[in-house]
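A.B. asks: I need the structure of the sequence given here:
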Amino acid sequence: MIEIETRLQELKATGLHRRTRLISGPQGPHVLLDGKPVLVLCSNNYLGLADHPRVRAAAADAAMRWGVGAGASRLESGTMIIHRRLEERLAEFENRESALLFGSRFLANAGAIAALARSGDVVFADELSHASIIDGCRLSRAETFIYDHLDVEHLEWGLEQAEGRGALIATDSVFSIDGDVAPLAEIVDLAERHGVRVLVDESHAIGAVGPGGRGALAELGLEGEVDVIVGTLSMAIGSYGGFVACDGTMARYLLHAARTFIHSTAPPPPAVAGAVAALELIDARPQLVHRLAASASMLREELEREGFDVNGSRTQIIPLAIGDPQTAVRICEAALSRGVFVQAIRPPTVASISSRLRLAVMASHRPEDLHAAAAAVGHAARSVGFDPSVRPARPEETLRERDEPAIAFEAPARRRRTIWGSEPEPAPSAVFDYEASDPVWVERAA
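C.D. replies: Numbers count the residues shown, from 1 in each chain. Below you'll find the model as predicted:
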């Protein structure tokens, strides 16, 4: 049994303790945080639509017309006209035949993966997959092969070992922590050659990447080449909920097989109507997407002037490698004292050796905001003794110094890894080290 108070003290001592902070008023580039005005650089409200007058008006009108809640699951009495309207709009936006609305992106990923893979199958997942993909793998009870981040050679090796078995590749398009982009063209090509399905989570790409913010798949003309696209309504769209976009047959199957769809109350009508209005704005104002890209580019340039290494990100998500979680937290607190709200990403989200700051740009940030923010973060880092120009050890370099865990598939000079999500063993992987209290990735010998 976990000694809860002892565990909390351990989290504080290691710089892993978390707390919520209270924001007054609506979400935007400037808010009152715990009563003090700050510039926000840690929101996923990428296009600034959460507080847009048309989105707010649509949500308010829906509350008066359809009420606050849906009252039941989609398969009971919870599917309303506004839900169908949004699904049609999402299918059009993603250039797919159908869309199915879920309560959140987490529920969409978990439900779809568990419906598409089962015991005896194999799910191939990038080692930096979002938690919803991880838990979808666990829920499916399939064997899961973790391939090295963005490494299509490693993925291909795994596909060759699993030849003849039912398989699914699940990946983010834009990764949530570092903002880097998956090699989608190569993944689609491998899936076609090996006859496996592909699920791509576009949550951090929608509204930010591709023509009109349609996502990374649309940027490559591949939106029709994957089996399932997963997205969220809670980031660039500025509302709440999740969805899958796919063909009609897949949508009908998920309606019957995705437990997170079947057993969850339908999203509330105000959030759904707000999302419809936001999609209309994205269509009508493509300059929002361009403005977001320009703002992200400007912040990267300003951070480089402060000495930070911003290579590796070309999106609105900008990671700053720190290394030690306690140092990352101290920099955040120092930045907050200078009026800039950023967040430290640390275990269990990442390994302790690769803690970092995650900065997220919004289209509603002004150039003077970004200039001041970069200077504040630079000063904050130096004030706690961290020199931005000194690069911390790369996570993979530190990994090589650790004992190699047991592996399932042997291959020369490579870490070939699989996991079984149902096994409650401490995770030996330095990437998914949940301090052994809630292990996620578990490696298993053959």
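
A.B. asks: what about Ala131, how many neighbours?
C.D. replies: 15 (other C-beta atoms under 10 Å). For every residue, glycine as well, the C-beta is placed using N, CA and C.

A.B. asks: quick one, phi/psi of Ala99?
C.D. replies: Dihedral angles of Ala99 (phi, psi; degrees, to the nearest 10) stand at phi -140, psi 150.

A.B. asks: beyond the top helix by length along the chain, next helix or strand please.
C.D. replies: Longest helix in the chain, counting residues (DSSP state H): helix 287-305. Once helix 287-305 ends, the next helix or strand along the chain (criterion: DSSP states H and E) is strand 317-323.

A.B. asks: so the next helix or strand after that next one versus strand 317-323, what angle?
C.D. replies: Where DSSP H and E defines the elements, the next helix or strand beyond strand 317-323 is helix 325-337. In terms of direction (axes from the mean of the first three to the mean of the last three C-alpha atoms, to 10 degrees), helix 325-337 departs from strand 317-323 by 130 degrees.

A.B. asks: show me which residues of helix 325-337 are buried.
C.D. replies: Neighbour counts using 16 or more other C-beta atoms under 10 Å place 325-332, 334-336 of helix 325-337 among the buried residues.

A.B. asks: again with stretch 306-320
C.D. replies: 306, 308, 310, 313-320.

A.B. asks: with pLDDT and distance to Thr20 added, can I get those in a markdown table?
C.D. replies: Below are the buried residues of stretch 306-320 laid out as a markdown table (pLDDT from 0 to 100; distance: C-beta to C-beta, whole Å):
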| residue | pLDDT | distance to Thr20 |
| --- | --- | --- |
| Glu306 | 96 | 29 |
| Phe308 | 96 | 27 |
| Val310 | 91 | 28 |
| Ser313 | 80 | 27 |
| Arg314 | 89 | 31 |
| Thr315 | 96 | 26 |
| Gln316 | 97 | 24 |
| Ile317 | 97 | 22 |
| Ile318 | 97 | 24 |
| Pro319 | 95 | 23 |
| Leu320 | 96 | 23 |
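
A.B. asks: picking up where we left off before, tell me the mean pLDDT for the longest helix of the chain?
C.D. replies: For helix 287-305, the mean pLDDT works out to 97.

A.B. asks: tell me the angle it makes with strand 317-323.
C.D. replies: Going by the same axes, to 10 degrees, helix 287-305 makes 30 degrees with strand 317-323.

A.B. asks: give me the helices and strands touching helix 287-305, please.
C.D. replies: The contact analysis (3 or more C-beta pairs under 8 Å, 6 or more residues apart in numbering; DSSP states H and E) places helix 287-305 against helix 269-284, strand 317-323, helix 367-383.

A.B. asks: and the contacts of that helix?
C.D. replies: The set of residues external to helix 287-305 that reach it, using C-beta atoms under 8 Å, 6 or more residues apart in numbering, is 46-48, 207-208, 212-213, 281-282, 310, 313, 315-316, 318, 320, 359, 361-363, 365, 367, 370-371, 373-375, 377-378.

A.B. asks: just the buried members of these?
C.D. replies: 46-48, 207-208, 213, 281-282, 310, 313, 315-316, 318, 320, 359, 361-363, 365, 370, 373-375, 377-378.

A.B. asks: domain map for the protein?
C.D. replies: 14-43+286-383, 53-284, 403-446 (automatic domain parsing).

A.B. asks: from those, which stretch is densest packed?
C.D. replies: The highest mean neighbour count among the domains of the chain, using mean count of other C-beta atoms under 10 Å, belongs to domain 53-284: a mean of 21.

A.B. asks: could you work out the end-to-end span of that domain for me?
C.D. replies: 15 Å (C-alpha to C-alpha, to the nearest Å).

A.B. asks: quick one: mean pLDDT for it?
C.D. replies: 97.

A.B. asks: from the chain's centroid, how far away is it?
C.D. replies: Centroid displacement of domain 53-284 relative to its chain, using C-alpha atoms, centre = their mean, to the nearest Å, is 11 Å.

A.B. asks: quick one: Ala236 from Val196, how far?
C.D. replies: As judged by C-beta to C-beta, to the nearest Å, Ala236 and Val196 stand 29 Å apart.

A.B. asks: could you do Arg89 as well?
C.D. replies: In terms of C-beta to C-beta, Arg89 sits 30 Å off from Val196.

A.B. asks: contact partners for Gly242?
C.D. replies: 101-109, 203, 230-234.

A.B. asks: please apply the same query to Leu128.
C.D. replies: Applying C-beta under 8 Å, 6+ apart, we find Leu128 in contact with 149, 172, 175, 177-178, 431.

A.B. asks: that one - that's part of a helix, no?
C.D. replies: No. Under DSSP: H, G, I helix; E, B strand; the rest coil, Leu128 falls outside any helix and is assigned coil.

A.B. asks: need the CA coordinates for the host helix or strand of Ala110. PDB is fine.
C.D. replies: Element membership for Ala110 (DSSP H and E) is helix 105-116. C-alpha atoms of helix 105-116 as PDB (Å, rounded to 0.1, in the frame of the first residue of the first chain):
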ATOM      1  CA  ARG A 105      -8.900  13.300 -27.300                       C
ATOM      2  CA  PHE A 106      -7.800  10.900 -24.600                       C
ATOM      3  CA  LEU A 107     -11.000   8.900 -24.900                       C
ATOM      4  CA  ALA A 108     -10.700   9.000 -28.700                       C
ATOM      5  CA  ASN A 109      -7.200   7.500 -28.800                       C
ATOM      6  CA  ALA A 110      -7.900   5.000 -26.000                       C
ATOM      7  CA  GLY A 111     -11.100   3.800 -27.500                       C
ATOM      8  CA  ALA A 112      -9.900   3.600 -31.100                       C
ATOM      9  CA  ILE A 113      -6.700   1.800 -30.400                       C
ATOM     10  CA  ALA A 114      -8.400  -0.700 -28.100                       C
ATOM     11  CA  ALA A 115     -11.000  -1.300 -30.800                       C
ATOM     12  CA  LEU A 116      -8.500  -1.800 -33.600                       C
END
